[in-house]
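Visitor: Test case, fold it:
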Amino acid sequence: MKGSTAKKPYVSTGVKYLSPEWETERHKLGIGGSEAAAIAGLNPYSSAFTVYWDKVGKGEPVEVSEGMRQGTDLEEYVVKRFWEATGKKVRKCEYMLQSAEHPFMIADVDRFVVGENAILECKTSLNRSGYSYEDANNIPAYQLVQCLHYMSVVGAEKAYLATLVFGKDFNIVEINASDYKDDISS
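Guide: Okay, here's the model as predicted:
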């Protein structure tokens, strides 16, 4: 609709991703995508108890591991490969977002896909578990939950999960919200 002023289903928290205040504010503002996967028992790097402990202010600050650092540093490379493979332009989302309908839900979306109601989530992996990344049924469950959570926060119809498997492969999986309508609305 031309001239439409449709309200976005999310708001910016004003907290810049990975800024010094991000570490403290994300615990106060709500539950993020990887935390949702931990609560569901699907995040191999965290647990429901760890999320709870963080939310009550007793958790330890996250130490950035070498793997986390490389994942962050290589995000631009993953974005470039996504663009080369699809021709789709993206725009960076630098701030933590919060659902307007469910304010306890927050998201650190890597990119929005220009011209689509879609997001791009960038990952790097050693793929020790042998995922094929053929479709949403063949990716780590915690990554699927994270994408579903982010789509719910921002009202996206689709997520692209672009994964660089170090030294072996580059994969793009499309995750359609309509395929998980009941999971997202719950």
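Visitor: Can you classify the nearest residue to residue 18 once chain neighbours are set aside as helix, strand or coil?
Guide: Residue nearest to residue 18 in three dimensions, not counting chain neighbours: residue 72, with 7.3 Å by C-beta to C-beta, 6 or more residues apart in numbering. C-beta: built from backbone N, CA, C; applies to glycine. With DSSP: H, G, I helix; E, B strand; the rest coil as the basis, residue 72 sits in helix.
Visitor: isn't residue 72 right up against residue 65?
Guide: No. Counting by C-beta atoms under 8 Å, residue 72 sits too far from residue 65 to count as a contact (10.7 Å).
Visitor: and the two? which has more neighbours close in?
Guide: Neighbour totals were compared for residue 72 and residue 65, and residue 72 leads with 14 against 10 (other C-beta atoms under 10 Å).
Visitor: if I look at the more buried one, how far off is residue 124?
Guide: According to C-beta to C-beta, to the nearest Å, residue 72 stands 9 Å off from residue 124.
Visitor: Shouldn't residue 60 be within a strand?
Guide: No. Counting by three-state DSSP, residue 60 falls outside a strand, being coil.
Visitor: Show me where this protein has its strands.
Guide: All strands of the chain, identified by DSSP state E, fall at 10-16, 90-92, 95-99, 106-107, 111-113, 118-125, 158-165, 169-176.
Visitor: Could you dump those strands into TSV with mean pLDDT, mean neighbour count and distance to residue 41 added?
Guide: Formatted as TSV, the strands of the chain follow (pLDDT from 0 to 100; neighbours: other C-beta atoms under 10 Å; distance: least, C-beta to C-beta, whole Å):
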stretch	mean pLDDT	mean neighbour count	distance to residue 41
strand 10-16	93	17	26
strand 90-92	97	15	31
strand 95-99	95	21	22
strand 106-107	96	26	20
strand 111-113	98	20	28
strand 118-125	96	22	20
strand 158-165	96	22	20
strand 169-176	96	17	20
